[in-house]
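Undergrad: give me the fold of what follows.
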Amino acid sequence: MDSFNRERYWIWYPGDFELYHAMKQNFSRVERGMGWPAFWKSEGFRNRVAFRRTYELKEETSFLVSSKAVGFVLVEEAQRHPDAGTDVTFGDPGADVASENAGLDCVQGDAVREPVQKKYPFGQRIVCGPGTVRISVHAARIEALPSIYIEGTEIFSDSGWMAEDYDRPPVSAGTCKYFTKPEQDPSVWDYTEKEYQPVCVEEVGGGVLCEFETELTAQIVIERDAGVQGLRVYCGESRSEALDGKNCYYSWQPDADTGRCPRCAVRYAYIPGCPADGLRIKAIHQYVDIPIRASFSCGDELLKRIWDTAAHTFQLCSGIFFIDGIKRDKWIWSGDAYQSILVNQYLMRDPDIDRRTLLALRGNDPMTTHINTIVDYSLFWILSVRAHCEAYGDTEFLRDIYPKMVSLMEFCGEQLDDRGFLIGREKDWIYIDWADMEKEGPVCALQMLFAACYDAMAWAAETLGSNKATDTAGKGTEEAEHDTDSSLQNFAARYREHYENLVRAINTCFWDEAQGAYIDSFVSGNAHVTRHANIFAIRYGIADRLQQEKIVANVLKNDRVPAITTPYFKFYELDVLGMLGYLDDVMETIRSYWGGMLERGAVTFWEEYDPEVVGEAQYDMYGDRFGKSLCHAWAASPIYLLSKYFRCFEDFEITVR
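TA: Residues are numbered from 1 along each chain as shown. Sure, this is the predicted structure:
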């Protein structure tokens, strides 16, 4: 490819960009005037990185390195001599780290000489070549990830550069399609902005209440003839929340110069003690511009509204990463992300946000705690990698992330009982769902996910083996391929064996023939049945055909088994019903459950919906006034369900570009 047509990128140590921005995301939660950082371990980025690349230049060229970090550029050129041979070999690539003036031997034919070595500051144009040139850029930054941008015709920054973290092998530098210009700073995300005017402005209780056409992630901007000092703005997802000065989640004083409030979730904005005369208010919606690639049409107006509302909900929760909700929590949760990755395949089909989210969630080795402190969320991360790589054929990402899949499974392997069941440890959280479920000892639903992870790991090893997409550096081609294939085949066989053993143990210990269902836990002796484990048993192929038939009759079609109330687990229940062909049930639930939220005036779909809860109480959750998120990613599942199970129906037209 011609160098002039190749994209230039800011580069960094791979994963650091995601870890840095994940930390900013997970520390951005604010409730009622106080910051609320995520409670789990936050992975840090590397403060000092070396970037290296060797060029064979046919003629003299120049380049310039830009960076917000401190550091320097080291250029090493082989001395040219008319009597020298053609072979050029540089010495230890790390020697320039240890000593500023470290000499590197250069072998040219029979002569041994030191290469020309020179340092340059960032921002200075550097001339080098022709011949063999090795460039090392050393960058350090305390407050943000070290990154560099290189401009030149032959020498420029892209993923072909290698990044080093000293005692670790060099790896390909990280990039992002949103950071391609030298004036940018990868530590600052430049959001796309769109201005919204209120659709309704009314005076209430001596103040002004503004309503926007839908929920937004926006900065409210206030302009007032008398200035904005002394004003306070209350932002809410509902009218009731904005008018409740005590319990409203967000209240801001506009910046005295710009009139802007911090970015937050808002549909209603209330300014108390302020008449409407002379007051102008607008919302600057800030978002990551990931286009929707799917279209939906049908003759049913309700279904079109459900699709459009689900799509808008999902877009709001899809930014730098997939987050759970735009008001509460604004955090990156692995269980939420798994469903978002599945919905993404049918709506935006953007693999980059998948990769950013997966890298942010996993963090660095060694593993010391479960992702989000939740055992099942560690397992969902493994399943998310598989879902992503299968959807996009992304074997390159699979190759890069596979070692972290292995180390996570090894971490889980440290907490198995004598039957091979995964059990929680002190401070571990086994979530599964907000439901009345027995979680003492081994939890059946958790074992279903663990078995699915063994299957996913076997699939990953087999996929990499068949693609030979692994690192073979330092070995001859035939030796490396044989070694890689043999190792991956052994891993795949081992994971398959673990899978089969675990499935047998699950069916032995958790299947209750008298009830025709899987029980939550066998420790208490209560033989308690909920929908969750039974749904997973079908979805992940644990139950055989006869067991599936019994589960349908005794659990899924049994009103005595408590219903699922969260959209989070409705996703799995409806997915299983769709798999089994009960499409009328799926459609009826989509209409009643998500249509029920629309009847309540929802413009985005909620974290939880219980038709029995009405009035102001419908906005509460966790015993907290207005604690329910009214824009939650896991509530966007109609996109997935309609696309997966109904796209071939005559009454529907669903396409993904």
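
Undergrad: tell me where the stretch 551-657 of the chain has helices.
TA: 567-579, 583-589, 595-599, 638-646 (DSSP state H, counting those that start in this stretch).

Undergrad: just put those in a markdown table and tack on distance to Ser28 and mean pLDDT.
TA: Bear in mind the C-beta positions are built from the backbone N, C-alpha and C, glycine included. Formatted as a markdown table, the helices of the stretch 551-657 of the chain follow (distance: least, C-beta to C-beta, whole Å; pLDDT from 0 to 100):
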| stretch | distance to Ser28 | mean pLDDT |
| --- | --- | --- |
| helix 567-579 | 22 | 97 |
| helix 583-589 | 34 | 96 |
| helix 595-599 | 26 | 97 |
| helix 638-646 | 26 | 96 |
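
Undergrad: what would the ones you listed look like in TSV with mean neighbour count and distance to Asp620?
TA: Below are these laid out as TSV (neighbours: other C-beta atoms under 10 Å; distance: least, C-beta to C-beta, whole Å):
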stretch	mean neighbour count	distance to Asp620
helix 567-579	22	17
helix 583-589	16	24
helix 595-599	16	16
helix 638-646	23	25
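
Undergrad: for those, which one sits closest to Asn344?
TA: Closest of the helices of the stretch 551-657 of the chain to Asn344 is helix 638-646, at 9.1 Å (criterion: C-beta to C-beta).

Undergrad: coming back round to it: tell me which of the helices of the stretch 551-657 of the chain lies nearest to Gln339.
TA: Relative to Gln339, the nearest member of the helices of the stretch 551-657 of the chain by C-beta to C-beta is helix 567-579, separated by 5.5 Å.

Undergrad: distance from the chain centre to the closest one, please.
TA: 22 Å (C-alpha atoms, centre = their mean, to the nearest Å).

Undergrad: and for stretch 516-524?
TA: So, by C-alpha atoms, centre = their mean, the centroid of stretch 516-524 is 33 Å from its chain's centroid.

Undergrad: kindly report the same for stretch 422-429.
TA: Centroid separation for stretch 422-429 versus its chain: 24 Å, with C-alpha atoms, centre = their mean.

Undergrad: give me the contact list for it.
TA: 369-370, 372-375, 412, 415-417, 430, 439, 441-443, 446-447, 450 (C-beta atoms under 8 Å, 6 or more residues apart in numbering).

Undergrad: and those, which are buried?
TA: 370, 372-375, 412, 430, 439, 442-443, 446-447, 450 (16 or more other C-beta atoms under 10 Å).

Undergrad: tabulate those residues (a markdown table), appending distance to Met405.
TA: Shown next, in a markdown table, are those (distance: C-beta to C-beta, whole Å):
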| residue | distance to Met405 |
| --- | --- |
| His370 | 14 |
| Asn372 | 17 |
| Thr373 | 19 |
| Ile374 | 17 |
| Val375 | 16 |
| Cys412 | 11 |
| Ile430 | 21 |
| Lys439 | 26 |
| Pro442 | 23 |
| Val443 | 22 |
| Leu446 | 18 |
| Gln447 | 19 |
| Phe450 | 14 |
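
Undergrad: looking at pLDDT only, which of these scores worst?
TA: Ranked by pLDDT, the buried ones among the contacts of stretch 422-429 bottom out at Lys439, which has 94.

Undergrad: what's the closest non-adjacent residue to that one?
TA: Once flanking residues are discounted, Lys439 sits nearest to Ile430: 5.4 Å by C-beta to C-beta, 6 or more residues apart in numbering.

Undergrad: OK, contacts around the one you found?
TA: So Ile430 contacts Ile374, Val375, Asp376, Gly424, Lys439, Val443, Leu446 (C-beta under 8 Å, 6+ apart).

Undergrad: can you put the helices of the stretch 551-657 of the chain in a markdown table and add distance to Ala265?
TA: Formatted as a markdown table, the helices of the stretch 551-657 of the chain follow (distance: least, C-beta to C-beta, whole Å):
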| stretch | distance to Ala265 |
| --- | --- |
| helix 567-579 | 18 |
| helix 583-589 | 27 |
| helix 595-599 | 17 |
| helix 638-646 | 21 |
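
Undergrad: quick check: the gap between Asp350 and Arg399.
TA: For Asp350, the distance to Arg399 equals 21 Å [C-beta to C-beta, to the nearest Å].

Undergrad: now swap in Val266 and tell me
TA: In this view, Val266 and Arg399 are 42 Å apart by C-beta to C-beta.

Undergrad: okay, the angle between the helix or strand harbouring Ala337 and helix 567-579?
TA: In this assignment (DSSP states H and E), Ala337 forms part of helix 334-347. Computed by axes from the mean of the first three to the mean of the last three C-alpha atoms, to 10 degrees, the angle separating helix 334-347 from helix 567-579 equals 50 degrees.

Undergrad: quick one: Arg625 and Asn247 touch, right?
TA: Yes - using C-beta atoms under 8 Å, Arg625 is in contact with Asn247, at 4.1 Å.

Undergrad: hmm, back to that, so for Val266 and Arg399, which sits in the more crowded spot?
TA: Set Val266 next to Arg399 and count neighbours by other C-beta atoms under 10 Å: Val266 wins out with 27 against 18.

Undergrad: ok, and the closest non-adjacent residue to the more buried one?
TA: Val266 sits nearest to Cys235 (C-beta to C-beta, 6+ apart), 4.0 Å away.

Undergrad: what pairs with the one you found across the strands?
TA: When bridges are called by DSSP bridges, Cys235 pairs up with Tyr250, Ala269.

Undergrad: circling back: among the contacts of stretch 422-429, name the ones in helices.
TA: Val375, Cys412, Leu446, Gln447, Phe450 (DSSP state H).

Undergrad: make a markdown table out of those residues and add distance to Thr309.
TA: Converted to a markdown table, the ones in helices among the contacts of stretch 422-429 look like this (distance: C-beta to C-beta, whole Å):
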| residue | distance to Thr309 |
| --- | --- |
| Val375 | 33 |
| Cys412 | 37 |
| Leu446 | 33 |
| Gln447 | 36 |
| Phe450 | 35 |
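
Undergrad: between those, which sits nearest Val73?
TA: Closest approach between those and Val73, by C-beta to C-beta: Cys412, at 43.7 Å.

Undergrad: any buried residues in stretch 421-429, and which?
TA: So, applying 16+ other C-beta under 10 Å, buried residues of stretch 421-429: Phe421, Leu422, Ile423, Gly424, Asp428.

Undergrad: swap that for stretch 551-570, sorry
TA: Neighbour-count burial for stretch 551-570 [16+ other C-beta under 10 Å]: 551-552, 554-556, 561, 564-570.

Undergrad: next one: stretch 124-136
TA: Quick answer for stretch 124-136 (16+ other C-beta under 10 Å): Ile126, Cys128, Gly129, Gly131, Thr132, Val133, Arg134, Ile135, Ser136.

Undergrad: give me phi/psi at Asn490?
TA: Here is the backbone geometry of Asn490 (degrees, to the nearest 10): phi -60, psi -40.

Undergrad: state the distance from it to Cys176.
TA: Asn490 is 36 Å from Cys176, where distance means C-beta to C-beta.
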